[in-house]
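Visitor: sequence below, structure please.
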Amino acid sequence: MTLTELRYIVAVARERHFGRAASACFVSQSTLSIGVRKLEDELGVSLFERSRNEVTLTARGELIVEQAHRVLEEVDVITQLAESEKGPLVGSLRIGAIHTIGPYIFPGLIPILLEQAPEMPLIVQENFTSNLTTLLKQGQLDAIIISYPYDEPGIVTLPLYDEPFVVVVPSSHPWAQKKTISRDILPEENIMLLGAGNCFRDQVLDFCPDCLQASQKDIGLQQTLEGSSLETIRHMVMSGIGISVFPATAAGAHDYSHRLLAVKRLTGKQPSRRVALAWRKSFPRRQAIDTLIHSIQQLDLTSVKML
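Guide: Numbering: from 1, shown residues only. Okay, here's the model as predicted:
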């Protein structure tokens with residue numbers, strides 16, 4: 001039994017797919033499959049039920065994967081303790097962020113952090129909140145940037161900033177001439193939302209439940225957008241297909257796009273999300289976390305209120 005094999009089974013359990021698990025582990029699917037089968041043979045149990053469309057854990061597999069999580073987390077603690085002898089700001093810092101945050105803060109954050117801690121390069125990735133949490137608990141990430149609500153045992157969170165939501169419309173749309181837009185009229189238009197399971201989609205529907213029905217006016221289009229990114233939706237808006245609601249940092253991310261779309265505040269109290277940093281209580285390099293927080297606070301983010 002090796003740590004690599006434990007990482008393989010944890011990845012398969014997370015992805016529920018051997019191909020995606022192999023990609024996450026940066027190995028070929030055959031290499032990962034051989035490693036998983038070798039571990040199953042050594043333990044004398046089947047860890048996964050394999051079907052054409054999905055891979056699921058067996059009852060015994062669930063227990064073993066849960067224990068593998070703990071082992072990998074403890075291994076990471078040992079590694080971090082060893083590296084801390086070099087200093088808390090020496091060695092890479094592995095940061096994850098959800099898809100609606102990462103692209104809009106990483107480009108500005110990396111150079112600031114490199115200036116403050118030149119011997120602590122930032123390794124970044126984007127993913128969904130649930131996947132980031134799994135990677136954080138496994139020790140494959142050191143900290144993650146997410147939005148509330150968020151509450152996980154063994155994880156510390158610190159609020160970073162409040163970010164308002166804005167409406168984006170084509171520059172040729174009649175609403176482009178409005179100063180603000182009432183949320184009550186949003187369902188009148190074809191609203192493009194992120195796919196089900198994305199936390200920002202849920203936050204939009206929290207303040208505008210009727211937007212869901214509006215987004216389904218064209219079922220074919222909505223199916224096309226399932227699981228897509230804000231950047232895909234941005235270009236859909238610019239092409240005149242519909243409108244959308246964005247977090248403020250994403251709406252102002254590309255100056256060139258302002259020729260083709262208009263960004264409008266919502267009337268009245270602004271809906272918003274609270275963005276936070278999360279890390280394991282057991283993470284030993286607290287100075288590295290403090291440096292990351294300080295670097296984020298120096299970012300010039302559109303319309304956000306730093307906390």
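
Visitor: okay, residue 70: pLDDT?
Guide: Residue 70 carries a pLDDT value of 85.

Visitor: what helix or strand is it located in?
Guide: Using DSSP states H and E, residue 70 sits within helix 59-84.

Visitor: next SSE after that helix?
Guide: Scanning onward from helix 59-84 (DSSP H and E), the first element met is strand 93-98.

Visitor: what's the next helix or strand after that following strand packed up against?
Guide: From strand 93-98 onward toward the C-terminus, using DSSP H and E, the following helix or strand is helix 102-116. When contacts are defined as 3 or more Cβ pairs under 8 Å, 6 or more residues apart in numbering; DSSP states H and E, helix 102-116 sits against strand 93-98, strand 122-127, helix 248-251, helix 286-297. (Each C-beta comes from the backbone N, C-alpha and C, glycine too.)

Visitor: name the surrounding residues that touch the longest one.
Guide: When you say that, I think you mean helix 286-297. When contacts are defined by Cβ atoms under 8 Å, 6 or more residues apart in numbering, helix 286-297 is touched by residues 88-89, 93, 95, 105, 109, 112-113, 116-117, 120, 142-143, 145, 158, 160-161, 277, 279, 283, 306.

Visitor: for it, give the mean pLDDT please.
Guide: 94.

Visitor: residues in contact with the helix or strand following it?
Guide: The helix or strand immediately downstream of helix 286-297 is strand 305-306, counting by DSSP H and E. Applying Cβ under 8 Å, 6+ apart, the contact partners of strand 305-306 are 160-162, 297.

Visitor: over to stretch 164-171?
Guide: Here stretch 164-171 has contacts from 175-176, 181, 186, 189, 203-204, 207, 234, 237-240, 243-248, 251, 258-266, 270-273, 303-304, using Cβ under 8 Å, 6+ apart.

Visitor: what do you get if the cut-off is 6 Å, keeping everything else the same?
Guide: 175-176, 181, 237, 240, 243-246, 248, 251, 260-265, 270-272, 303 (Cβ atoms under 6 Å, 6 or more residues apart in numbering).

Visitor: same check, this time on stretch 143-150
Guide: With Cβ under 6 Å, 6+ apart, stretch 143-150 has contacts from 95-98, 101, 129, 132, 136, 273-279.

Visitor: please apply the same query to stretch 151-161.
Guide: 133, 274-279, 281, 296, 304-307.

Visitor: buried subset of the residues you listed, written for ChimeraX?
Guide: The buried residues among these can be selected in ChimeraX (16 or more other Cβ atoms under 10 Å) with this line:
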select :133,274,275,276,277,278,279,296,304
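
Visitor: any low-confidence regions in this structure?
Guide: Along the chain, segments meeting pLDDT under 70 span 83-85, 214-227, 253-258.

Visitor: among the contacts of strand 305-306, which ones are buried?
Guide: Applying 16+ other Cβ under 10 Å to those flags 160-162 as buried.

Visitor: next step: those residues restricted to helices.
Guide: Taking DSSP state H, every one of those sits outside helices.

Visitor: and the residue positioned nearest the centre of the chain, what are its bridge partners?
Guide: With distances taken as Cα atoms, centre = their mean, the residue of the chain nearest its centroid is residue 98 (1.6 Å). Using DSSP bridges, the beta-bridge partners of residue 98 come out as residue 127.

Visitor: please report how far it lies from residue 229.
Guide: 11 Å (Cβ to Cβ, to the nearest Å).

Visitor: now do residue 151
Guide: Residue 151 is 27 Å from residue 229, by Cβ to Cβ.

Visitor: more neighbours, these two?
Guide: Ranked by neighbour count (other Cβ atoms under 10 Å), residue 151 and residue 229 place residue 229 first, with 17 against 8.

Visitor: residue 29 is in contact with residue 22, correct?
Guide: Yes. Shown here, residue 22 and residue 29 form a contact pair, counting by Cβ atoms under 6 Å, at 4.2 Å.

Visitor: comparing the two, which residue is more hemmed in?
Guide: The neighbour count for residue 22 versus residue 29, taken as other Cβ under 10 Å, is higher for residue 22 (21 against 15).

Visitor: now the more buried one: which helix or strand?
Guide: Per DSSP H and E: helix 18-25 holds residue 22.

Visitor: before we move on, the earlier item: next, give me the two most distant ones among the contacts of strand 305-306.
Guide: 162 and 297 (13.3 Å; Cβ to Cβ).

Visitor: for the helices and strands packed on helix 102-116, please prepare CSV with the additional fields distance to residue 67.
Guide: Listed next are those as CSV, based on distance: least, Cβ to Cβ, whole Å:
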stretch, distance to residue 67
strand 93-98, 23
strand 122-127, 24
helix 248-251, 40
helix 286-297, 28
